[in-house]
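Student: Using only what follows, build the 3D model:
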Amino acid sequence: MRMRRGTRSLLGMALLAAALGAAVVVQLRHEETLVPETLTALDPSGVRAVTVSCQGCTTRRFEKRDGHWRMLEPREVAASDEAVERLVAIAGATIRFRHAAGDLDPKKVGLDPPLAALALDGTTLTFGTTDAIHGDRYVEVGGTVALVPDRFSARLFAAPESEVAH
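Tutor: As a prediction, this is how the structure comes out:
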């Protein structure tokens with residue numbers, strides 16, 4: 001009888017361990033779905049070159065040298081590290097919705113021609129208009145168009161003087 005009770009206890013513990021393991025797997029998969037998708041997978045600390053261009057504004061070009069940002073265009077001068085890092089951070093904006101490139105008419109969402117473009121090393125993001133319901137900005141990157149909360153437009157259209165180190 002003791003053998004039977006011991007076997008039963010061992011079987012119960014094994015089932016409990018299996019159930020806990022399954023619960024952990026389910027929880028991990030759930031948490032993965034909660035991680036927001038971003039515009040790019042770029043590591044902001046690895047970006048070394050930034051170019052910002054927009055309709056009706058001066059093109060600004062920056063390069064990171066010895067750990068600090070330098071404005072190269074429209075004039076060569078030390079740049080505000082904080083201001084350029086805010087531009088780089090746009091690449092990590094959270095996506096609310098993603099469309100395949102052919103799903104939208106680029107002219108209707110302001111992407112043909114784009115209102116602004118941000119080149120980070122070899123990755124270019126182009127910016128269109130905002131949607132009428134949520135005010136999210138249309139952004140094309142890598143062949144898809146994403147809608148992202150527009151918390152960065154002022155940085156794209158800023159005057160070069162706002163990005164000069166003081």
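
Student: And the residue nearest the centre of this protein?
Tutor: Gly92 (2.2 Å; CA atoms, centre = their mean).

Student: tell me the phi and psi of that one?
Tutor: phi -100, psi 10 (degrees, to the nearest 10).

Student: Do I have it right that it meets Leu39?
Tutor: Yes: with contact defined as CB atoms under 8 Å, Gly92 counts as touching Leu39 (6.9 Å). Backbone N, C-alpha and C define where each C-beta goes, glycine included.

Student: and the helix or strand hosting Gly21, what does it pack onto?
Tutor: If you go by DSSP states H and E, Gly21 is part of helix 2-34. Packing partners of helix 2-34 (3 or more CB pairs under 8 Å, 6 or more residues apart in numbering; DSSP states H and E): none among the helices and strands.

Student: Helix or strand next in line after that helix, which one?
Tutor: Using DSSP H and E, the helix or strand that follows helix 2-34 in sequence is strand 49-54.

Student: Tell me where the longest strand sits in this protein.
Tutor: Longest strand in the chain, counting residues (DSSP state E): strand 123-130.

Student: Partner strands of that strand, with direction?
Tutor: In the sheet, strand 123-130 lines up against strand 116-120 (antiparallel), strand 136-141 (antiparallel) (DSSP bridges).

Student: Buried ones in it, by neighbour count?
Tutor: Within strand 123-130, the residues scored as buried using 16 or more other CB atoms under 10 Å are 125-128, 130.

Student: try stretch 134-148
Tutor: 136-141, 144-148.

Student: so which of the residues you listed would you say is closest to Gly56?
Tutor: Arg137 (17.1 Å; CB to CB).

Student: The closest one: what's it in contact with?
Tutor: By CB atoms under 8 Å, 6 or more residues apart in numbering, the contact list for Arg137 reads 127-130, 147-150, 152-153.

Student: Tell me the spacing between the closest residue to Thr51 other than its chain neighbours and Ser80.
Tutor: Spatial nearest neighbour of Thr51, excluding adjacent residues (CB to CB, 6 or more residues apart in numbering): Ala119 at 4.2 Å. Applying CB to CB, to the nearest Å, the value for Ala119 to Ser80 is 19 Å.

Student: And for Ala154?
Tutor: Per CB to CB, Ala154 is found 15 Å from Ser80.
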